[in-house]
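S.K.: here's a sequence, model it:
(2 chains)
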Amino acid sequence: AQKITQTQPGMFVQEKEAVTLDCTYDTSDPSYGLFWYKQPSSGEMIFLIYQGSYDQQNATEGRYSLNFQKARKSANLVISASQLGDSAMYFCAMREGFEGNFNKFYFGSGTKLNVKP
Amino acid sequence: DAGITQSPRHKVTETGTPVTLRCHQTENHRYMYWYRQDPGHGLRLIHYSYGVKDTDKGEVSDGYSVSRSKTEDFLLTLESATSSQTSVYFCAISPIGEREETQYFGPGTRLLVL
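M.R.: Take a look at the predicted model:
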């Protein structure tokens, strides 16, 4: 079974509108971390936001928020007030295991977001 | 900026030739990783290292070997390159001990095997 599933290969959003990128994960480990990365056309991987499995509140970083629904095993990324510069590939990832030890990361296949002017 | 550089940034090679990619970090991180990125697959782990001379295989390790003789350098070698190894290769570090323990990536190496 896939550890991380991103079901939206591509999405369009109008500039200044909000958009939600979906991510579901699969783990039986009680301790894990969930991450979102942005990859613009230039190719670098940029860390956006993190949610720990024990965190009670949804993570927020500026215009990015992570809608964490633990029972549903979903970790959707919400981008508010989309900007043209948000057009990029977005990857959801999971770190399985306790912090402080070596842990593998699992990545989804990505969602390509296009922001329309 | 996690102080990660990769070299070369671009390489074209022929099938059957050996290729070595280098990842260099300046912040003394213990854990280093090599991934490959292909369309529709996200990033897949090739090999990782948890210290000098300590390495292990990831999910797509066939055809690849690694070495880490110094903390700052993690080398990925394609012993005999094949066209299926055409990909973008990313090195990453993980700052164990920090709360988030995210992974920080190098700029990537584009490899084309003809």
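S.K.: grab the most central residue of chain B for me.
M.R.: The residue lying closest to the centre of chain B (CA atoms, centre = their mean) is B:Trp34, at 2.7 Å.
S.K.: which element is that one on?
M.R.: B:Trp34 is located in strand B:31-38, with elements delineated by DSSP states H and E.
S.K.: so after that strand, what's the next helix or strand?
M.R.: Sequence order places strand B:42-51 as the next helix or strand after strand B:31-38, per DSSP H and E.
S.K.: report the angle between the axes of that next one and strand B:31-38?
M.R.: Orientation check (axes from the mean of the first three to the mean of the last three CA atoms, to 10 degrees): strand B:42-51 against strand B:31-38 gives 160 degrees.
S.K.: tell me the strands beside strand B:42-51, with direction?
M.R.: strand B:31-38 (antiparallel), strand B:54-57 (antiparallel) (DSSP bridges).
S.K.: give me the phi and psi for B:Gln85.
M.R.: The phi and psi values for B:Gln85, taken as degrees, to the nearest 10, are phi -90, psi 0.
S.K.: doesn't B:Gly106 make contact with B:Val88?
M.R.: No - counting by CB atoms under 8 Å, B:Gly106 is not a contact partner of B:Val88; they are 11.0 Å apart. Where you see a C-beta, it was placed from the backbone N, CA and C, and this is true even at glycine.
S.K.: how about the lowest-mean-pLDDT helix or strand in chain A and chain B, any contact?
M.R.: None of the helices or strands of chain A scores lower by mean pLDDT, DSSP states H and E than strand A:105-107, at a mean of 89. Yes - interface with chain B: strand A:105-107 contributes A:Phe105, A:Phe107 (CB under 8 Å from any CB of the partner chain).
S.K.: what about residue 51, how many neighbours?
M.R.: I'll assume chain A. Using other CB atoms under 10 Å in any protein chain shown, A:Gln51 is surrounded by 22 other residues.
S.K.: ah, no, chain B please
M.R.: Residues within reach of B:Gly51, counting by other CB under 10 Å, total 12.
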